[in-house]
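Student: Predicted model and sequence follow; I will ask about them next.
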Amino acid sequence: MRVGLRRWVDSSFLVPNRRTSSRGVMVELHHDGTVTVSVDLTHGLGHGGGIAVNTQVLRIVVLEAVAVADAFRQHLAPDSPVDITATVATANTDHRLLPIGNGYGQFALIPDARHPRRFLPASTGLAPNADAEALRECAHELATGLLHQFGIELHR
């Protein structure tokens with residue numbers, strides 16, 4: 001935990017034994033209720049024509065991030081709503097983002113999908129009295145907002 005003047009941040013990267021050598025994952029909880037979840041969506045997907053984005057992992061990460069944000073919100077201020085924003089960020093590159101799916105047990109480029117250079121953020125709100133169905137709907141809305149930029153329709 002990193003503590004400052006009336007501020008604190010708890011991060012999975014600050015403690016060496018919380019780091020993982022597999023997929024790069026970082027979770028931060030901030031004093032003001034902000035939750036940051038970062039995941040390497042390209043892990044294990046070598047693709048020379050651009051930056052591969054594992055769409056299955058993207059959907060799972062969005063679901064987990066919504067659950068973490070809701071749990072943290074309930075701990076800090078259970079009677080307040082929360083705004084959630086998700087995006088796929090790249091580090092100053094002009095390469096196109098390539099959606100990779102898991103079809104028939106093998107990762108492959110999703111056919112007929114768009115290959116954007118950058119993503120716009122997807123946002124949604126979570127009510128203070130959100131139940132499990134509301135959490136699932138929130139995660140679905142965020143994942144749909146991100147995957148739609150690839151031209152992928154997410155079905156329930």
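Tutor: Noted; the coordinates are in hand.

Student: Quick check: buried residues in the longest helix belonging to the chain?
Tutor: Assignment by DSSP state H gives helix 55-76 as the longest helix of the chain. Buried residues in helix 55-76, counting neighbours by 16 or more other Cβ atoms under 10 Å, are found at 55, 57-59, 61-63, 65-66, 69-70, 72-73. Bear in mind the C-beta positions are built from the backbone N, C-alpha and C, glycine included.

Student: One more: stretch 105-115?
Tutor: The neighbour-count check on stretch 105-115 (16+ other Cβ under 10 Å) flags 109-110, 113, 115 as buried.

Student: If I follow the layout properly, residue 151 ends up in contact with residue 111?
Tutor: No: look at residue 151 against residue 111 with Cβ atoms under 8 Å: they stay out of range, at 10.6 Å.

Student: got the contact list for residue 61?
Tutor: Residue 61 makes contacts with 37, 39, 41, as judged by Cβ atoms under 8 Å, 6 or more residues apart in numbering.

Student: Low-confidence stretches in the chain?
Tutor: Scanning the chain for pLDDT under 70 picks out 1-23, 47.

Student: Show me where it has its helices.
Tutor: Using DSSP H, the helices of the chain run over 55-76, 132-147.

Student: Dump those helices into JSON lines; add distance to residue 48 as well.
Tutor: Output for those, formatted as JSON lines (distance: least, Cβ to Cβ, whole Å):
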{"stretch": "helix 55-76", "distance to residue 48": "19"}
{"stretch": "helix 132-147", "distance to residue 48": "23"}
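
Student: of all these, which lies closest to residue 86?
Tutor: Of all the helices of the chain, it is helix 132-147 that lies closest to residue 86, at 4.6 Å by Cβ to Cβ.

Student: any idea where the strands of the chain begin and end?
Tutor: With DSSP state E, the ranges of strands along the chain come out as 2-4, 7-11, 25-30, 35-39, 51-54, 82-86, 97-103, 106-109, 122-126.

Student: any idea how far residue 94 lies from residue 87?
Tutor: Distance of residue 94 to residue 87, computed by Cβ to Cβ, to the nearest Å: 17 Å.
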